[in-house]
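Peer 1: Next come a sequence and a model predicted from it.
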Amino acid sequence: MKQKKICLLGGFAVGKTSLVRRLVSGLFSEKYLTTIGVKIDQKMVTIHDHSLLLVLWDLYGDDDYQKVRASYLQGSSGYILVIDGTRPETIDVAIRLHQTARQVVGTVPYVLLLNKHDLAEDWKVDPATLGELSRQACLVAKVSAKTGDGVESAFSALAEAMLNGS
Amino acid sequence: MASSSRTPSGSRPTEFTARQADDFSALRRLLLAPEQVQLDRLRDRLENFSLRPQEVSQVLPDAIRLRAQQDNRLLASMIPITQEALALSIKQSPQLISDSIAPILGPAIRKAISRAMREMLQSLNQTLEYSMSWQGLQWRWEAWKTGKSFAEVVLVHTLRFRVEQVFLIHKRTGLLLNHIMAEGVSGQGEEVISAMLTAIQDFVRDSFQQSQEEGLESLRIGDLTVWVEQGPSAILAAVIRGAPPVKLRDVLQGTIESIHAQYSDALRSFQGDASAFLDTRLLLEDCLQAQFVKKPGGLPFSVWVLAALLLGLLGWWGYHAALQHQQWTRLLNRIEAEPGMVITSIREEAGNTVFLGLRDPLAVDPQMLLEETGYAPATVTFRLEPFLALTPEMIYRRALLILQPPETVSVSLEGSQLILAGHGSHAWISAVRERSLRIPGIVSVNMERLIDTDLERFETVRHMLEEESLNFFPGQMTLQEHELAKIEQIKQTVQQLDDMAKVLEIRPSIHVIGYSSPEGSESTNTALSALRAKYVWQLLDPLGLRMISLEAIGRGVDPAALASSPKEGQSYDSSRRVYFEVERLPVSGERGGE
């Protein structure tokens, strides 16, 4: 059985941890996020009859108080960039994180998730404005951690891209 | 040369140049001849570049060593060739390979077996040691109280250290390459723990600005310690309970080094598929070490208890075996000593002891012997055929049974002669001889000292009667009043004698004899004596005797009176009398001899 390390990246309160919570029941408490800046979970996915164990590194949201530790990105086979669809400023954070990831792990597959799709009335991000960030991504999807819409398929898409790349 | 170029002439320069060229060549030959040869050789080598085996053979060992020091590329390129060569070699000559690897496989198998045995013994030892002791009971109580298993509590109290889990982690990705656990340890989320350990390492390394080569060496929580051993591409994390010794570090170091040496390619090209590292298990198992607290000297309590139990059991068994043996011997001696019983063989039948032989019906019941000696009667059966034993005891026993002697008769045996002594009734004595001779083993009977009590009494009474005398007055043929009074007593005596004669089966005669005194004429005296006898006979006749016949006899003058003339003043009163004589035929068997 293959394993792949993937990182969850995004600004503060974009809903990364909630997305993970939809997928797995974690072994570690979420307090690790605020202490050492990472919380790790695992998720088994099946792609074309092949099992793949995703080891998810949920990195603390990048903000003024704490920066994402580049060392946590090392060895990732892919990553998930999360943007809060109701907060356009999280796009800048995502771009910055994307650049950091490129520096550390090189060109690896990633998916771009626009979270909080359920809050349609507050939606402020137009996917067309994402430019380079969305063109390079193997998937751009509107998801909702609250309803679970699109989450599972986003992980599957990343898993498949990683398998094809390796 | 510069000066010569400035020389003004027409053809000279050419001549000079040719001559100069020759000189130059000569000079050059003189100065550079050795180097020229070398240069020519080098040119030749460069133009015809091909390696010669001799040269290669000289540099090959050093070249390999130097290349291997640089990186593993040489090793990697040799692997497929070596593998193919090995596969071909196995195909062509399997025996050679099997002989070659036997010295390696043997110890490896032995090691694995001894490890398994050691683990089993250790757990058995612990269970034995602590399950029965006072401490064991306390720990059981603790286990019950805390809800832990007994084994867990024992482990906590007796463990010096134990490596519970070993993680082999890919350094760059934090992905788990392999993981092993000690027996009885339960793990969960090893992949996540592996990643988290890596994250913590990264966190610490970043926080204290250490280089990539540095890393956490140890984590400690309660009595759990995580020792981390860093390698260039992988790290080894051992989860240890208790206080590990420093030398365990060497083991971990050795293991991670071995893994790097053997799996360097796999580590370098790792893309998430850990199956290439399954075989690291053998190396990792070396790290699963444990050490337990040694109990201070002496044998464990449980061993004492077991030994005491065993000894007790042995003692109990021994006591019963000895008792049984004693009872058995006693039974055999008793049977041997018992008259009228002959054991011909003893055999075992379905757990039963069967005695085969002969038994006189008068011999003691063998079941009684069993009860007497205490030997378990249920396990013994007697199959004894009846027979007549001719041992003196049995002849004697049979004589007593058949003769039924009265208490006043003593019975003894001398050889084949039965001796009867004492007093017995006439009826018993009369039958005893014949019955005695019918007893097997008795040839003769001695009854000399056997007295017939009925006959004895008869003789006594006869004597009493013969002592009686009835006196008459001179010339009288009837009795006076006072003499007549004796008749009642005499009647009773005669009656007694008649009764006894009946018992004795004899027919005695009682002679009633009359006498007279010498006074008077002889004829008168004869008649008088006869009349007196007749008179008394008549007095007794109404008795109706069954066995006795009475006879009246007159004998004339008393011969005692004739023998001596009476002195002066002496009368013949005692001569005028009637007395009795009893005559009897001998009783059959009386004074019986042999």
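Peer 2: Right, received. Where do you want to start? Residues are numbered from 1 along each chain as shown, chains lettered A, B, ... in the order given.
Peer 1: residues contacting B:His260?
Peer 2: B:231-234, B:267 (CB atoms under 8 Å, 6 or more residues apart in numbering or on different chains). For every residue, glycine as well, the C-beta is placed using N, CA and C.
Peer 1: Just the buried subset of those residues, written out for PyMOL, thanks.
Peer 2: Of these, the buried ones can be selected in PyMOL as follows, counting by 16 or more other CB atoms under 10 Å in any protein chain shown:
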select buried, chain B and resi 231+233+234+267
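Peer 1: got the end-to-end distance for stretch B:560-573?
Peer 2: 12 Å (CA to CA, to the nearest Å).
Peer 1: related to what we said a few turns ago, and of the contacts of B:His260, the nearest to B:Leu484?
Peer 2: Proximity of the contacts of B:His260 to B:Leu484 (CB to CB) peaks at B:Ala234, which lies at 157.2 Å.
Peer 1: Surely that closest one touches B:Thr173?
Peer 2: No: between B:Ala234 and B:Thr173 there is no contact under CB atoms under 8 Å: 10.4 Å.
Peer 1: Now B:Thr280. Nearest residue, chain neighbours left out?
Peer 2: B:Asn178 (4.9 Å; CB to CB, 6 or more residues apart in numbering or on different chains).
Peer 1: Name whatever forms a beta bridge with that neighbour.
Peer 2: B:Leu168 (DSSP bridges).
Peer 1: Burial check on it, number of neighbours?
Peer 2: 23 (other CB atoms under 10 Å in any protein chain shown).
Peer 1: got it, and B:Glu414?
Peer 2: 10.
Peer 1: Equivalent analysis for B:Arg28, please.
Peer 2: The local packing of B:Arg28 (other CB under 10 Å) involves 11 other residues.
Peer 1: Equivalent analysis for B:Leu539, please.
Peer 2: 19.
Peer 1: so A:Ala137 makes contact with A:Tyr110?
Peer 2: Yes: using CB under 8 Å, A:Ala137 is in contact with A:Tyr110, at 5.6 Å.
Peer 1: what about the helix ranked longest in chain A, near chain B?
Peer 2: Ranked by number of residues, the top helix in chain A under DSSP state H is helix A:89-105. No: figure legend: helix A:89-105 not in contact with chain B (CB under 8 Å from any CB of the partner chain); closest approach 9.8 Å.
Peer 1: Report the beta-bridge partners for the closest residue to B:Leu479 other than its chain neighbours.
Peer 2: With sequence-adjacent residues excluded and distances taken as CB to CB, 6+ apart, B:Leu479 is closest to B:Leu470, at 6.0 Å. Under the criterion DSSP bridges, B:Leu470 forms beta bridges with B:Val578.
Peer 1: near chain A, anything from stretch B:224-235?
Peer 2: No: figure legend: stretch B:224-235 not in contact with chain A (CB under 8 Å from any CB); closest approach 11.0 Å.
Peer 1: Distance across that stretch, terminal residue to terminal residue?
Peer 2: Using CA to CA, one end of stretch B:224-235 lies 19 Å from the other.
Peer 1: Then stretch B:46-58?
Peer 2: 20 Å.
Peer 1: Tabulate the contacts of B:His260 in TSV, adding columns for pLDDT.
Peer 2: Converted to TSV, the contacts of B:His260 look like this (pLDDT from 0 to 100):
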residue	pLDDT
B:Gly231	88
B:Pro232	87
B:Ser233	90
B:Ala234	92
B:Leu267	90
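Peer 1: just checking, which of the contacts of B:His260 belong to strands?
Peer 2: B:Ala234 (DSSP state E).
Peer 1: Looking at the contacts of B:His260, spot the one nearest chain A.
Peer 2: Nearest to chain A, judged by CB to the nearest CB, of the contacts of B:His260 is B:Ser233 at 11.0 Å.
Peer 1: what's the spacing between the closest one and B:Ile79?
Peer 2: 17 Å (CB to CB, to the nearest Å).
Peer 1: What strand or helix carries the residue lying closest to B:Arg359 once chain neighbours are set aside?
Peer 2: Spatial nearest neighbour of B:Arg359, chain neighbours left out: B:Leu384 (3.7 Å); criterion: CB to CB, 6+ apart. Assessed by DSSP states H and E, B:Leu384 sits inside strand B:380-386.
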